[in-house]
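Visitor: could you look at this predicted model? Sequence included:
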Amino acid sequence: MLVDAEVDEVPAPEPTATSRGLSLLYIAVALILCGLNLRTVFSSFAAVLQEATAATGMAPALVALLSTVPVTLLGVFAPVAPGLARRFGAERTLLGAMALLTLGLVVRGIGEVPALLVGSFAAGASIAIVNVLLPGLVKRDFAHRLGLMTGMYTMSICAAAALGAGFTHPIYEATGSWQWALGFWAIPAALAALVWTPVALKQRHARRALAATGPSVWRSRTAWQITGFMTMQAMMSFSVFAWLAPILRSRGVDGGTAGAIVAVSIVLQMGGSLLAPALAVKLRRQSWLNATVALMTGAGFALSIFGPMQGIWLWTALLGLGQGSLTAVALTMIVLRTRDAHTAAHLSGMMQGVGYGVGSVGTLLVGQLHAATGGFAAAGVMFLVIGTGCAVFGLLAGRPRFIEDDGRLDGGAKP
């Protein structure tokens, strides 16, 4: 099996249809379990931030570092993933990344400031690699079920954020230790790594040669349009995780109600992330779907800040449904705009590298605008602009064309 280059495979008996189906089902479950660990590191820290800060005396600058740098690392390490997959194989690279994520979460659970830093950084780097590899594996193994599998694993990513936000504080209350509450999330990561291990061990690879030719995603206009779409999506997505609850509280919503509103919004995110890819793969052109969910997200965010309070449940529902669908269709563009897993891996590395690297700035901008103005009105205007820009990139990215048709690494003619 491969993601990024040709390999010499060891001959093996032809699998029966039944065994092939069971194997794919096992891989699907394992990939979904991996997805369930890709956001808990972000939402769990926020859930016990007050307790951790009080116990360690962390300065606000250090808190900001712990909150934002792991997100930035999603962009920094994303371009590394295709090369690692080429050298070691996608399955074994994914296993190594999940093992590193588990170790990072264990170290973070120690609770000392240096451990928090090291553990959070290791987790961010490993999540970046898994983020990139998942679409290529789905493209390769589930070409006949692209919409379903893309929806399932993007829904699992949304669920990860909900799990981290919803269960970390109850774990703290049950154990009396915020360190245990953070360290707990190493358990599901270890479980996912354990389930994935048989897949990695069955990987049949000889030594790979570096691909000398192939599509250059960095010189592809289509790839840059998809990357712009992803970047705008990321700017809104991580801002929702960090700022939706504070925005609601600033508007006079009590803590319990704010938590319920955020929970409903996240449930709708999960629904949107499951349904949108299934619709996208049935459309020849996804432009208007992309633009619609981008505008829903930007408008939902702005209305949560500006809209009448009588409609706050509606505004946040619009935001949740739009955000879940937007994240899912952005990732679906990886498999719809590429012909094979080789190119999908490179496009995934590019769009997530730039998208998360630049997109993480959105969360910081909200904080800076809030500090400068004392409110969230300026951020509301910013999200209207970002949502509109995302819709424009979505219109372009949704046109029916392939990255491979835009150019090649060797500068050869278009096919």
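Guide: Done, it's in.
Visitor: okay, now the unreliable bits of the stretch 101-250 of the chain?
Guide: The stretch 101-250 of the chain contains residues with pLDDT under 70 at 204-215.
Visitor: and His399, that's in a helix?
Guide: Heads up, residue 399 is Arg, not His. No - Arg399 is assigned coil when assessed by DSSP: H, G, I helix; E, B strand; the rest coil, not a helix.
Visitor: counting neighbours, what do you get for it?
Guide: Counted by other CB atoms under 10 Å, the residues lying close to Arg399 total 14. To be clear about C-beta, it is placed using only N, CA and C from the backbone, and glycine gets the same treatment.
Visitor: list the helices and strands whichever strand or helix holds Pro70 packs on?
Guide: Here Pro70, judged by DSSP states H and E, is contained in helix 60-77. Applying 3 or more CB pairs under 8 Å, 6 or more residues apart in numbering; DSSP states H and E, one finds that helix 60-77 contacts helix 40-47, helix 49-56, helix 113-141, helix 341-359, helix 361-373.
Visitor: which one, of those, ends up nearest to Val217?
Guide: helix 341-359 (4.7 Å; CB to CB).
Visitor: flag the shaky bits of the stretch 251-400 of the chain, pLDDT-wise.
Guide: In the stretch 251-400 of the chain (pLDDT under 70), the answer is 255.
Visitor: ranges for the helices of it?
Guide: 255-280, 287-306, 312-336, 341-359, 361-373, 377-397 (DSSP state H, counting those that start in this stretch).
Visitor: turn those into a markdown table, including mean neighbour count.
Guide: Shown next, in a markdown table, are the helices of the stretch 251-400 of the chain (neighbours: other CB atoms under 10 Å):
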| stretch | mean neighbour count |
| --- | --- |
| helix 255-280 | 20 |
| helix 287-306 | 23 |
| helix 312-336 | 25 |
| helix 341-359 | 26 |
| helix 361-373 | 17 |
| helix 377-397 | 21 |
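Visitor: what's near enough to touch Leu283?
Guide: Residues in contact with Leu283 (CB atoms under 8 Å, 6 or more residues apart in numbering) are Leu289.
Visitor: can you give me phi and psi for it?
Guide: phi -90, psi 140 (degrees, to the nearest 10).
Visitor: of all the helices of the stretch 251-400 of the chain, which one comes closest to Gln203?
Guide: It's helix 341-359; of those, that one is closest to Gln203 (CB to CB) at 13.9 Å.
Visitor: and that closest one, what other elements does it pack with?
Guide: Checking 3+ CB pairs under 8 Å, 6+ apart, helix 341-359 ends up next to helix 60-77, helix 81-88, helix 113-141, helix 221-250, helix 312-336.
Visitor: highest mean neighbour count out of those helices?
Guide: helix 312-336 (a mean of 25; mean count of other CB atoms under 10 Å).
Visitor: between helix 221-250 and that one, find me the angle.
Guide: Helix 312-336 and helix 221-250 are oriented at 160 degrees to each other (axes from the mean of the first three to the mean of the last three CA atoms, to 10 degrees).
Visitor: as TSV, the helices of the stretch 251-400 of the chain with distance to Ala128 would be great.
Guide: Below are the helices of the stretch 251-400 of the chain laid out as TSV (distance: least, CB to CB, whole Å):
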stretch	distance to Ala128
helix 255-280	20
helix 287-306	23
helix 312-336	14
helix 341-359	7
helix 361-373	16
helix 377-397	21
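Visitor: identify whichever of these lies nearest to Leu146.
Guide: Evaluated over these, closeness to Leu146 peaks at helix 312-336, with 5.3 Å, by CB to CB.
Visitor: what about stretch 355-364, how long is it end to end?
Guide: End-to-end distance for stretch 355-364, by CA to CA, to the nearest Å: 15 Å.
Visitor: list of residues touching that stretch?
Guide: So stretch 355-364 is contacted by 64, 67-68, 71-72, 74-76, 78, 128, 131, 227, 230-239, 241-243, 330, 386 (CB under 8 Å, 6+ apart).
Visitor: closest one to Arg92 among the helices and strands packed on helix 60-77?
Guide: Between Arg92 and the helices and strands packed on helix 60-77, the shortest separation by CB to CB is 10.6 Å, and it involves helix 113-141.
Visitor: the next helix or strand after that closest one packs against which elements?
Guide: On the C-terminal side of helix 113-141, the nearest following helix or strand under DSSP H and E is helix 146-175. Counting contacts by 3+ CB pairs under 8 Å, 6+ apart, helix 146-175 is packed against helix 17-35, helix 40-47, helix 113-141, helix 178-183, helix 255-280, helix 312-336.
Visitor: 10 Å instead, please
Guide: helix 17-35, helix 40-47, helix 49-56, helix 113-141, helix 178-183, helix 221-250, helix 255-280, helix 312-336 (3 or more CB pairs under 10 Å, 6 or more residues apart in numbering; DSSP states H and E).
Visitor: who wins for proximity to Ser23 among the helices of the stretch 251-400 of the chain?
Guide: Checked against CB to CB, the stretch from the helices of the stretch 251-400 of the chain lying closest is helix 341-359, at 16.9 Å.
Visitor: relative to helix 312-336, how tilted is that closest one?
Guide: 140 degrees.
Visitor: now helix 341-359 against helix 377-397, angle please.
Guide: Using the same axes, to 10 degrees: helix 341-359 against helix 377-397 is 160 degrees.
Visitor: what angle sits between helix 341-359 and helix 81-88?
Guide: Using the same axes, to 10 degrees: helix 341-359 against helix 81-88 is 140 degrees.
Visitor: next up, the contacts around Leu268.
Guide: Cys158, Gly300, Thr316, Ala317, Leu318, Leu319, Gly320, Leu321, Gly322, Gln323, Gly324, Ser325 (CB atoms under 10 Å, 6 or more residues apart in numbering).
Visitor: how near is the closest residue to it other than its chain neighbours to Ala260?
Guide: Distance criterion CB to CB, 6 or more residues apart in numbering; nearest residue to Leu268, sequence neighbours excluded, is Gly320 at 3.5 Å. The gap separating Gly320 from Ala260 is 13 Å, by CB to CB, to the nearest Å.
Visitor: same deal with Ser273?
Guide: For Ser273, the distance to Ala260 - CB to CB - is 21 Å.
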